[in-house]
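In: below are the sequence and a predicted model; questions follow.
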Amino acid sequence: MEEEKQEKSFVVKDKRMFSESGEQRQPEPQKPEAPPKASEEPKARPSEEKAAAEEDQLLPEVNFFNFILSLSTSVMFHFGDFPDPVSHETQKNLPAAKQTIDILSMLKDKTKGNLDNHEKSLLDEILFELKMRYVKETS
């Protein structure tokens with residue numbers, strides 16, 4: 001029965017710099033890396049890299065301030081303040097607006113004590129304005 005079970009063996013290589021007797025070992029010659037396989041994707045062309053770099057320059061900096069503004073803009077979109085960029089129609093989606101307001105409230109609770117005064121006041125003011133607007137929209 002033991003003969004039927006053949007375990008895969010493994011090789012242990014001692015990569016220590018010194019032998020057990022304390023003598024320095026000679027480093028093993030390193031094998032050259034295998035050439036890239038044909039299945040791997042080729043590197044981006046210079047024109048594609050340039051286009052990607054230009055796109056990165058157009059995007060705003062990623063920080064807490066811009067993140068909060070992005071979420072508040074999303075709420076205003078759900079209030080129907082501006083049209084959908086694809087369909088060019090304005091639609092109200094109050095459940096989605098409420099959910100995003102709740103996300104902002106959760107962020108306020110979870111970041112309590114970790115924000116500077118500017119970030120805290122921004123979040124407080126935006127939350128107040130959006131909550132008042134939600135009450136107005138649902139009344």
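Out: Cool, got the structure.
In: by mean pLDDT, which helix or strand of the protein comes out lowest?
Out: Of the helices and strands making up the chain, the lowest-confidence element is helix 46-58, at a mean of 70, by mean pLDDT, DSSP states H and E.
In: which strands or helices does the next helix or strand after it pack on?
Out: Reading on from helix 46-58 to the C-terminus, the next helix or strand found by DSSP states H and E is helix 64-78. Taking 3 or more C-beta pairs under 8 Å, 6 or more residues apart in numbering; DSSP states H and E as contact, the helices and strands that helix 64-78 lies on are helix 94-110, helix 117-138. (Glycine included, C-beta is placed from N, CA and C.)
In: export those helices to CSV and tack on distance to residue 66, mean pLDDT and mean neighbour count?
Out: Conversion of the helices and strands packed on helix 64-78 to CSV gives the following (distance: least, C-beta to C-beta, whole Å; pLDDT from 0 to 100; neighbours: other C-beta atoms under 10 Å):
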stretch, distance to residue 66, mean pLDDT, mean neighbour count
helix 94-110, 13, 97, 14
helix 117-138, 11, 96, 14
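In: out of those helices, nearest to residue 64?
Out: Of all these, it is helix 117-138 that lies closest to residue 64, at 5.5 Å by C-beta to C-beta.
In: CA atoms only for that closest one, dumped as PDB, please.
Out: Coordinates of the C-alpha atoms in helix 117-138 are reproduced here as PDB (Å, rounded to 0.1, in the frame of the first residue of the first chain):
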ATOM      1  CA  ASN A 117      -9.500  71.000  10.300                       C
ATOM      2  CA  HIS A 118     -10.000  71.700   6.600                       C
ATOM      3  CA  GLU A 119     -11.000  68.200   5.700                       C
ATOM      4  CA  LYS A 120     -13.300  68.000   8.700                       C
ATOM      5  CA  SER A 121     -15.100  71.200   7.900                       C
ATOM      6  CA  LEU A 122     -15.400  70.300   4.300                       C
ATOM      7  CA  LEU A 123     -17.000  66.900   5.200                       C
ATOM      8  CA  ASP A 124     -19.300  68.500   7.800                       C
ATOM      9  CA  GLU A 125     -20.500  71.300   5.400                       C
ATOM     10  CA  ILE A 126     -21.100  68.900   2.500                       C
ATOM     11  CA  LEU A 127     -23.000  66.400   4.600                       C
ATOM     12  CA  PHE A 128     -25.200  69.200   6.000                       C
ATOM     13  CA  GLU A 129     -26.000  70.600   2.600                       C
ATOM     14  CA  LEU A 130     -26.700  67.200   1.100                       C
ATOM     15  CA  LYS A 131     -28.900  66.100   4.000                       C
ATOM     16  CA  MET A 132     -31.000  69.300   3.800                       C
ATOM     17  CA  ARG A 133     -31.300  68.800   0.000                       C
ATOM     18  CA  TYR A 134     -32.400  65.200   0.500                       C
ATOM     19  CA  VAL A 135     -35.100  66.300   3.000                       C
ATOM     20  CA  LYS A 136     -36.300  69.000   0.500                       C
ATOM     21  CA  GLU A 137     -36.400  66.400  -2.400                       C
ATOM     22  CA  THR A 138     -38.400  63.900  -0.400                       C
END
